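In: task: produce atomic coordinates for the following.
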Amino acid sequence: MKYFINFFLLPCGNRPPCIQGAHPLVKSALMDKQAMHRYKVWLLAKEKAGLGNPDTGQNLSRSSKQVNKLTDLETLLLLYNYGRPMDLAVESKFTLPSGESAACKTKKVSSESIDFVFNPPSSEAMTTARPVMPVGSAVSLDLDEVGACGGVLTSHNEAGFRVAVNKENRSAVSTKLAHIAVKRGIGVDATSTLKTGVPRIEPANKNCAFTDHTGMLRTGMIVNLSQFDALIRASATIIPPMGTRIVLRGPVWHGADVISTFEIGFMVKFCLPIPNDQFSVALRFTDA
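Out: Below you'll find the predicted structure:
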């Protein structure tokens with residue numbers, strides 16, 4: 001661990017000449033970021049993605065932009081399918097197994113859970129008690145713009161409640177959220193840097209370990225990846241800042257730059273593309 005802290009804090013010209021255990025190509029990429037950008041295959045990949053001059057660094061600080069391309073929609077589908085929450089206030093109705101129902105409004109929606117707030121009672125219903133809602137109760141939901149789905153009540157208070165979305169409904173909810181994002185022009189940071197037009201896979205072992213920009217060893221989950229980039233799910237408290245470099249562990253170590261961060265994780269672009277003969281579901285990003 002001390003070795004990695006020293007490596008990341010040293011100026012480029014003073015970094016040690018090698019990284020123990022790393023693949024030779026990864027060593028080269030980590031030691032000289034500018035040289036990495038001159039690597040022909042990487043340049044070709046950047047040009048194909050329309051990223052412009054790789055040495056400007058502009059793509060690492062690009063602000064959110066309006067969604068208007070197919071690749072942006074593909075990226076949104078990818079993100080919302082894995083639980084990215086959206087601040088969304090739409091009229092809704094929930095129904096308990098007893099048949100009791102009440103109107104409410106969504107506050108935050110993801111494919112995994114939905115937060116609701118109770119509608120203020122009307123003058124005609126001031127004396128009407130809210131339904132009894134034991135935690136663990138099955139709930140049927142009907143949401144404007146999102147549609148019908150089912151779930152389980154996980155918490156509630158005087159202001160509102162939260163429902164965990166049933167697994168069989170999550171795909172439909174994520175698709176609706178992605179299209180709502182397009183319709184409302186909700187931006188996604190650095191969407192154009194994620195290569196959605198190339199084959200993507202889900203590794204058999206999704207666990208991953210990585211050394212972040214501070215030298216700390218962190219853990220996450222590989223959602224999916226291409227030869228050029230990867231979407232990693234991680235706790236919000238350990239998501240590395242955009243523009244920093246991490247090293248993914250495993251039998252072969254892979255240097256990667258953080259190109260976008262989200263509430264549920266982050267995206268990275270590999271310093272060097274994963275070779276064709278190594279790109280398979282057998283890829284492993286842990287030392288264990």
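
In: make it CA atoms for all contacts and neighbour counts henceforth
Out: Fine.

In: give me the three-state assignment for the nearest residue to Met242 once chain neighbours are set aside.
Out: Ranked by C-alpha to C-alpha, 6 or more residues apart in numbering and with sequence neighbours excluded, the top spatial neighbour of Met242 is Val258, at 5.1 Å. Of the three states, Val258 takes strand according to DSSP: H, G, I helix; E, B strand; the rest coil.

In: show me what contacts Val258?
Out: For Val258, the contact set (C-alpha atoms under 8 Å, 6 or more residues apart in numbering) comprises Pro240, Pro241, Met242, Gly243, Thr244, Arg245, Ile246, Phe266, Met267, Val268, Lys269.

In: and what of Gln227?
Out: Contacts of Gln227 by C-alpha under 8 Å, 6+ apart are Arg200, Phe270, Pro273, Ile274, Pro275, Asn276, Phe279.

In: count of neighbours near the first one?
Out: Under the neighbour criterion other C-alpha atoms under 10 Å, Arg200 is assigned a count of 18.

In: and Asp144, by the same measure?
Out: Asp144: 14 surrounding residues under other C-alpha under 10 Å.

In: where does pLDDT dip in the stretch 51-200 of the chain?
Out: In the predicted model of the stretch 51-200 of the chain, residues 51-72, 74, 121-129, 187-197 satisfy pLDDT under 70.

In: picking up where we left off before, tell me which of the contacts of Val258 fall in helices.
Out: Secondary structure assignment by DSSP state H places none of the contacts of Val258 in helices.

In: tabulate those residues (CSV), appending pLDDT and neighbour count.
Out: Formatted as CSV, the contacts of Val258 follow (pLDDT from 0 to 100; neighbours: other C-alpha atoms under 10 Å):
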residue, pLDDT, neighbour count
Pro240, 94, 22
Pro241, 93, 15
Met242, 89, 19
Gly243, 90, 18
Thr244, 94, 15
Arg245, 95, 24
Ile246, 96, 26
Phe266, 89, 22
Met267, 89, 26
Val268, 92, 25
Lys269, 90, 23
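
In: which stretches in the protein count as strands?
Out: 86-87, 91-95, 101-109, 113-118, 138-143, 147-156, 160-165, 207-211, 217-225, 229-233, 245-248, 254-261, 265-270 (DSSP state E).

In: quick check: the gap between the nearest residue to Tyr82 once chain neighbours are set aside and Leu143.
Out: Spatial nearest neighbour of Tyr82, excluding adjacent residues (C-alpha to C-alpha, 6+ apart): Ser111 at 7.0 Å. Separation of Ser111 from Leu143 (C-alpha to C-alpha, to the nearest Å): 13 Å.

In: per-residue pLDDT, Asp32?
Out: pLDDT, Asp32: 43.

In: count of neighbours near Ser171?
Out: Ser171, neighbours per other C-alpha under 10 Å, totals 17.

In: so it touches Ser111, yeah?
Out: Yes: using C-alpha atoms under 8 Å, Ser171 makes contact with Ser111 at a distance of 7.0 Å.

In: quick one: which of Ser111 and Leu143 has more around it?
Out: Of the pair Ser111 and Leu143, Ser111 is the one with more neighbours under other C-alpha under 10 Å, namely 26 against 17.

In: what about that one, distance to Ala288?
Out: In terms of C-alpha to C-alpha, Ser111 sits 31 Å off from Ala288.

In: same thing with Val252?
Out: 12 Å.

In: quick one, which of those two is more surrounded?
Out: Taking other C-alpha under 10 Å, Val252 and Ala288 do not tie; Val252 has more neighbours (18 against 10).

In: phi and psi next, for that one.
Out: Main-chain dihedrals, Val252, degrees, to the nearest 10: phi -120, psi 130.

In: max-length helix in this protein?
Out: Assigned via DSSP H, the chain shows its longest helix as helix 167-184.

In: now for it, which elements pack on it?
Out: Other helices and strands packing on helix 167-184, by 3 or more C-alpha pairs under 8 Å, 6 or more residues apart in numbering; DSSP states H and E, are helix 70-81, strand 147-156.

In: rewinding a little: go through the contacts of Val258 and name the one nearest Arg84.
Out: Nearest to Arg84, judged by C-alpha to C-alpha, of the contacts of Val258 is Phe266 at 10.9 Å.

In: sorry, back to before: now for Ser171 and Ser111: what residues contact both?
Out: Common contacts of Ser171 and Ser111 (C-alpha under 8 Å, 6+ apart): Asn81.
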